[in-house]
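1. pasting the structure only:
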């Protein structure tokens, strides 16, 4: 049995969950609304202040979808109550970030500044010139946008220059040594 899939999802006060046909789940909360169509094979029921996900049979595909479906709904509930955020750090001489309205302008050692527009429902906040905080209610979108920012200049292993997640550890390499 899927241990994660079996756990009920507690619905906090102030959050409404609607389950329409074809397993279209809409979660409304203080921070906004999220909706998602989940696998039609899964049986999603609302019982009081809990949501229970169950699977029709024990095929491998159903077992894997069971835990996934429950986690996706749980992430939606957490998103509309607390929201998600990812922290990115910019390391390197002359590397910096600026905010111009909804645009994030990155100076990353290229001949031109890199401009990125904040996607719908995602907000970027600067903490100083070298820490970017990506905030939003959708875990998937926050992670995707943070990954896109990081991809503009991924950290390199010799000096550690580039954009990295604040909790990421860069494996450092020793540079080349001169001849004797």
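-> Ah, there it is. Keep in mind the model is a prediction, meaning the values are calculated, not measured. Residues are numbered from 1 along each chain as shown.
2. quick one, phi/psi of the residue positioned nearest the centre of the chain?
-> Central residue check for the chain by C-alpha atoms, centre = their mean: the C-alpha nearest the mean position is that of residue 143, 2.9 Å away. With angles defined as degrees, to the nearest 10, residue 143 sits at phi -60, psi -40.
3. which residues touch the residue nearest to it when sequence neighbours are not counted?
-> Distance criterion C-beta to C-beta, 6 or more residues apart in numbering; nearest residue to residue 143, sequence neighbours excluded, is residue 86 at 6.6 Å. No exception for glycine: its C-beta is placed from N, CA and C like everyone else's. Under the criterion of C-beta atoms under 8 Å, 6 or more residues apart in numbering, the contact list for residue 86 reads 133, 134, 142, 143, 146, 165.
4. Which of the residues you listed fall in strands?
-> Judged by DSSP state E, strands contain the following of those: 133, 134, 165.
5. what would the residues you listed look like in CSV with distance to residue 92, pLDDT and neighbour count?
-> Compiled in CSV, the ones in strands among the contacts of residue 86 are given as follows (distance: C-beta to C-beta, whole Å; pLDDT from 0 to 100; neighbours: other C-beta atoms under 10 Å):
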residue, distance to residue 92, pLDDT, neighbour count
133, 19, 95, 15
134, 19, 94, 25
165, 15, 93, 14
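6. Out of those, the closest to residue 37 would be?
-> For residue 37, the nearest member of the ones in strands among the contacts of residue 86 is residue 134. The distance, counting by C-beta to C-beta, is 25.1 Å.
7. Report the buried residues of the top strand by length along the chain.
-> Residue-count comparison of every strand in the chain, with assignments taken from DSSP E, identifies strand 84-91 as the longest. With burial defined by 16 or more other C-beta atoms under 10 Å, the residues of strand 84-91 counted as buried are 84, 86, 87, 88, 89, 90, 91.
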